[in-house]
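Participant: Have a look; sequence and predicted model below, questions after that.
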Amino acid sequence: MSANKREPVLVIGLGRFGSAVATSLQRMGHEVLGADTSPSLVQKYAGDLTQIVEADCTDYDCLKKLGAADFKSAVVAIGSDIEASVLTVLALSDLGVTSIWAKAINEKHGRILERTGAHHVVFPEARMGERVAHLLNERLLDFISFGDEFAIAKLKAPAPIVGLPLVTSECRKKFGVTVIGVKRAGEDFIHAVPDTIVFPEDELVVSGRIENIESFASSS
């Protein structure tokens, strides 16, 4: 495989989450084989993916015929049908797929998926709920949690550091956050350096513990 060609990925389940993953992977340059039991979803995304099939991927033999064993990575994005998602992960594991990502609807479901063979379990609804909750803080413009009380966020420049270079405002010492970059109206994003002066309407990208980011964003 050439250096510029990305590994093909099998995506099973083309609901909202699965279709978003599949089409994003396609845009990133991966070849994507999408599969779903719904004829309407298969038809809907037929022109967006490298290949798409209507198939019951809970069945080992079906997956084998699709060539699932030739994929290093697969995403099981089946929604509320817990049994189907577990059986699909089990079949992929039996076929030797080395990187299985699976969507879970709750922690119990996630534990079952891990024990069945999933290498990575994601909780998209829970993550989105957490993200929305944090964005209700009007000063936070975007928020990504890493699940260990650490996050990266975009926020409006708090008053205490406006007009000061970062080396003077001492964000890490006083607030426990690190300013990674600055976005100014009409200008490109810039990486923050000690001499960067923060203007009133600047948007900052910061990293740190979630509680410290929220405190920093609300400081006045």
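Facilitator: Yep, it's here. Every value quoted in this text rests on a predicted model; they were computed, and no experiment measured them.
Participant: A strand includes residue 96, no?
Facilitator: No - read with DSSP: H, G, I helix; E, B strand; the rest coil, residue 96 is coil and lies in no strand.
Participant: how much space is there between residue 9 and residue 102?
Facilitator: Distance of residue 9 to residue 102, computed by C-beta to C-beta, to the nearest Å: 13 Å. Every residue, glycine included, has its C-beta placed from N, CA and C.
Participant: low-scoring pLDDT stretches of the protein, where are they?
Facilitator: Low-confidence segments of the chain (pLDDT under 70): 1-5, 130-131, 133-139, 147-148, 220.
Participant: Name the strands paired with the helix or strand harbouring residue 143 and say parallel or antiparallel.
Facilitator: According to DSSP states H and E, residue 143 maps onto strand 140-145. Note on strand 140-145: by DSSP bridges, its sheet partners are strand 150-156 (antiparallel).
Participant: what's the next secondary structure element after the strand it pairs with?
Facilitator: Remark: after strand 150-156, the chain's next helix or strand is helix 166-169, criterion DSSP H and E.
Participant: Let me see the residues that make contact with that next one.
Facilitator: With contact meaning C-beta atoms under 8 Å, 6 or more residues apart in numbering, helix 166-169 is reached by 160-161, 179, 192-198.
Participant: Quick check: residue 145 vs residue 105, distance?
Facilitator: Residue 145 is 19 Å from residue 105, by C-beta to C-beta.
Participant: before we move on, the earlier item: any idea how far the strand holding residue 143 is from the middle of the chain?
Facilitator: The chain centroid and the centroid of strand 140-145 are separated by 13 Å, computed with C-alpha atoms, centre = their mean, to the nearest Å.
Participant: Now do the buried residues in it.
Facilitator: For strand 140-145, burial by neighbour count (16 or more other C-beta atoms under 10 Å) applies to 140-141, 143, 145.
Participant: So the residue nearest to residue 77 when sequence neighbours are not counted versus residue 55, what's the distance?
Facilitator: Excluding the flanking residues, the one nearest residue 77 by C-beta to C-beta, 6 or more residues apart in numbering is residue 18, at 3.0 Å. As defined by C-beta to C-beta, residue 18 lies at a distance of 14 Å from residue 55.
Participant: Find residues that contact each of those two.
Facilitator: What both residue 18 and residue 55 touch, as defined by C-beta under 8 Å, 6+ apart, is the set residue 36.
Participant: the more surrounded of these two?
Facilitator: Taking other C-beta atoms under 10 Å, residue 18 and residue 55 do not tie; residue 18 has more neighbours (23 against 18).
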